[in-house]
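Asker: next come a sequence and a model predicted from it.
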Amino acid sequence: MVDMADKARVLLRGLLREFRHLGDGQLKRNIRFSWRNVPAYNQVREDFNLMKDCTNKDDIDDCILNCELYLSYLHAVRREKELEEKYKSVGERPLEEIAAKVGLKLPEIYQDRRDS
C-alpha cells in the first residue's frame, strides 16, 4: 500500500511540474519564471502544510483528493493548449490539405465518360 507521505510527495512534484509548464511561455519571451510566482502555489503550499499537521484521516484524504483534481485540471489545460497549437487554423485551407492533416484521403471524384 502506498504511504500517504509518498502519495503527497508525488502529488506535489506533479503540481510543481505543471506549474513549470505554465511558465514555458514566459521562458520563451526571456522572462525569468519561478513557480513560486504562480498564484495557486501559495494555496497548494498551505494545503500541504495543513496536511502535514493534520491527524484526521478524512481531512488528509480530502486534501489529497483536491490536489489530485487540481493536478488533473492543470494537465488537461496544458494538453488542450498543446493540441490547439498543433491543429490551429491558419486561414482557409483546401479540403484535401485538411483531410491529409488528420490522416485521411479524399475519394476520387467520379466523372462520367459521356460528360467529357
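Answerer: Thanks, I have it.
Asker: okay, Gly110 and Arg93: tell me how far apart.
Answerer: Gly isn't right for residue 110; it's Tyr. 24 Å (Cβ to Cβ, to the nearest Å). The way it works is simple: take the backbone N, C-alpha and C, and place the C-beta from them, glycine included.
Asker: pick out whichever of those two has more residues nearby.
Answerer: Between Tyr110 and Arg93, counted using other Cβ atoms under 10 Å, Arg93 has the larger neighbour count: 12 against 5.
Asker: how much space separates the more buried one from Leu106?
Answerer: 13 Å.
Asker: same question for Glu46.
Answerer: 56 Å.
Asker: packing partners for the particular helix or strand that has Glu82 in it?
Answerer: For Glu82, the element it lies in under DSSP states H and E is helix 57-86. When contacts are defined as 3 or more Cβ pairs under 8 Å, 6 or more residues apart in numbering; DSSP states H and E, helix 57-86 sits against helix 4-22, helix 39-53.
Asker: single out the most deeply packed of the ones you listed.
Answerer: For the helices and strands packed on helix 57-86, ranked by mean neighbour count under the definition mean count of other Cβ atoms under 10 Å, the leader is helix 4-22 at a mean of 16.
Asker: for the chain, what are the low-confidence residue spans?
Answerer: Within the chain, the ranges that satisfy pLDDT under 70 run 1-2, 23-33, 35, 89-90, 115-116.
Asker: spatially, what comes nearest to Tyr87 if we skip its sequence neighbours?
Answerer: In space, and not counting its chain neighbours, Tyr87 is closest to Lys101: 7.5 Å by Cβ to Cβ, 6 or more residues apart in numbering.
Asker: the one you found touches Lys86, doesn't it?
Answerer: No - if you go by Cβ atoms under 8 Å, Lys101 and Lys86 don't touch, sitting 9.6 Å apart.
Asker: quick one, which of these two is more surrounded?
Answerer: Comparing Lys101 with Lys86 by neighbour count (other Cβ under 10 Å), the higher total belongs to Lys101, at 11 against 8.
Asker: Ile60 is in contact with Met51, correct?
Answerer: Yes - at 5.5 Å, Met51 and Ile60 qualify as touching, with contact defined as Cβ under 8 Å.
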